[in-house]
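1. quick one: sequence and predicted model below, then my questions.
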Amino acid sequence: MTGQRTRTIDRGEQAELSHLLAAGPFDVALRAAIRARGLGLDRIRYRLRGRGTTVSLATLSHWQSGRCRPERAESLEALRNLEDILNVPDGSLSKLLGPPRGRTRFHAQPPPLN
């Protein structure tokens, strides 16, 4: 499926995308880059898979909706490939992630000593 055309973006969209890639937040910038490139999530997933990176549609959807973000090594590698697929500058989306968020798990507290 090579040769598929993607849409061109106008100056206003390009300016908005440039601003979002500089300032974030990550999910909004990712969504704008996807929209500007004119690719659906399934097509993006297909192109990632062609580069040896497997990401589910749900994961891509969660990233662009802000429900979660790439943090594991495999996800960060996928993000580097995604930046290339979306034709955004290398590291432009990655830098918006900031430091990794702490993972919290429920730990039962021991009963108080009397």
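-> Perfect, thanks for sending it. Numbers count the residues shown, from 1 in each chain.
2. going forward, measure contacts and count neighbours with C-alpha atoms only.
-> Noted.
3. strands of the protein, start to end?
-> Using DSSP state E, the chain contains no strands.
4. tell me where the model's unsure across it.
-> The chain contains residues with pLDDT under 70 at 1-10, 101-114.
5. so where do the helices sit in it?
-> Ranges of helices in the chain, per DSSP state H, are 11-23, 26-37, 41-50, 57-65, 73-85.
6. most tightly surrounded among those?
-> Each of those was scored by mean neighbour count; the highest is helix 26-37, a mean of 21, by mean count of other Cα atoms under 10 Å.
7. please save the CA atoms from that helix in CSV.
-> Below are the C-alpha coordinates for helix 26-37, written out as CSV (Å, rounded to 0.1, in the frame of the first residue of the first chain):
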residue,chain,number,x,y,z
PHE,A,26,1.7,15.7,24.7
ASP,A,27,-1.7,14.3,24.0
VAL,A,28,-2.9,17.5,22.2
ALA,A,29,0.3,17.8,20.2
LEU,A,30,0.1,14.1,19.2
ARG,A,31,-3.6,14.5,18.2
ALA,A,32,-2.7,17.6,16.1
ALA,A,33,0.2,15.8,14.4
ILE,A,34,-2.0,12.8,13.5
ARG,A,35,-4.7,15.1,12.1
ALA,A,36,-2.2,17.1,10.1
ARG,A,37,-0.7,14.0,8.6
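8. by contact count, what packs against that helix?
-> helix 11-23, helix 57-65 (3 or more Cα pairs under 8 Å, 6 or more residues apart in numbering; DSSP states H and E).
9. what angle sits between that helix and helix 11-23?
-> Helix 26-37 runs at 150 degrees relative to helix 11-23, counting by axes from the mean of the first three to the mean of the last three Cα atoms, to 10 degrees.
10. got a list of contacts for helix 26-37?
-> 6-9, 13-14, 17, 20-21, 40, 63-66, 69, 86-88, 93, 96-97 (Cα atoms under 8 Å, 6 or more residues apart in numbering).
11. if you set the cut-off to 6 Å instead, what comes out?
-> 9, 20-21, 64-66, 86, 96 (Cα atoms under 6 Å, 6 or more residues apart in numbering).
12. the residues you listed: which two are farthest apart?
-> By the measure Cα to Cα, I9 and G66 form the most distant pair in the contacts of helix 26-37, at 23.8 Å.
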